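Asks: Kindly generate the corresponding structure for this input.
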Amino acid sequence: MESKSPAKLEFAVQMTCESCAEGVRAALREEPGVKSFSVDVSREEVLVESALTSAEVQALIESTGRRAVLKGLGGSERDLGAAVAMLAGVRKIQGVVRFLQLSEERCLIDGTIDGLEPGPHGLHVHALGDLTRDCGSCGEHYNPFGRQHGGPADAERHAGDLGNIVAGPDGRASFRLEDSQLKVWDVIGRSLVVDAGEDDLGRGPPPLSRQTGNSGERLACGIIARSAGLFQNPKQICACDGVTLWEERDRPIAGKGRRKADAETPAAHL
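Replies: Coordinates of the predicted model:
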């Protein structure tokens, strides 16, 4: 994975006056990772073009005291497709991972996963979108060309090999990856899995190194589903439970206040 390309992120932001908007503008203006932005008070909308993670941009906006919800992602080219995976698993692990096709050659993977043990964890797209036996029925790594397992920068790798994400001391992994082998249109209907251990990228002891990366137990997984791009998500209320997006925003990704069933309908997937 190479240098990061900017993506456009559409946020709903609670703003009631021009001074609210100016506070948001000031926060974004001071961040060198933000390429451009626009703020519309009447629509309570902020559009940001940045190479930062969506979590980092959201934190910038919310540093002004305004709540924000990511409603859509887009690239600088035409709409090439977007997808989302809602991850759930053992020990209350929950996460939201989004896929955006930036160009014919580059796919953006942007996510936040909570409840992990601190340290590196393997992340892979698996061949099957089957959760009948939880993560055990997701199949093997997505590998349409019959290659050996490797790292994301390797030519010889599974298409689903995304390397490692790193959880901090609080158990949260927030990441933004770009990949040249993965395509959104190929992974919709498949699954995304995060593992207990570090992926050795095919450089560890055989035989599992060249098959799975020796990354251990599958901790959490979710089916990759088509999602809204820019300006394609007008909802203000989640149809599944009737709460507003602001009420849903206040629910944690994981832990107290979010049941396992809630993971299918967070604000990020309205």
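Asks: Off-centre distance for stretch 127-141?
Replies: Here the centre of stretch 127-141 is set off from its chain's centre by 19 Å, with C-alpha atoms, centre = their mean, to the nearest Å.
Asks: Figure out the length between the terminal residues of it.
Replies: 6 Å (C-alpha to C-alpha, to the nearest Å).
Asks: Tell me the buried residues in that stretch?
Replies: 127, 129-130, 135, 138-139, 141 (16 or more other C-beta atoms under 10 Å). Using the backbone N, CA and C atoms, a C-beta is placed for each residue, glycine as well.
Asks: what do you get for stretch 17-28?
Replies: 20-21, 23-25, 27-28.
Asks: Which members of those occur in helices, if any?
Replies: Applying DSSP state H to the buried residues of stretch 17-28, the entries found in helices are 20-21, 23-25, 27-28.
Asks: and those as CSV, adding pLDDT?
Replies: Output for those, formatted as CSV (pLDDT from 0 to 100):
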residue, pLDDT
C20, 90
A21, 94
G23, 95
V24, 96
R25, 96
A27, 96
L28, 96
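Asks: quick revisit: could you point out which of the buried residues of stretch 17-28 is nearest to S42?
Replies: A21 (9.8 Å; C-beta to C-beta).
Asks: Let me know the distance separating that closest one from L192.
Replies: 36 Å (C-beta to C-beta, to the nearest Å).
Asks: nearest to G150, of the buried residues of stretch 17-28?
Replies: L28 (37.7 Å).
Asks: contact partners of the helix or strand harbouring L108?
Replies: Assigning secondary structure by DSSP states H and E places L108 in strand 107-114. By C-beta atoms under 8 Å, 6 or more residues apart in numbering, the residues outside strand 107-114 that reach it are 5, 7, 53-55, 73, 75, 87, 93-102, 162, 165, 167, 171-180, 182-184, 194, 220, 252-255.
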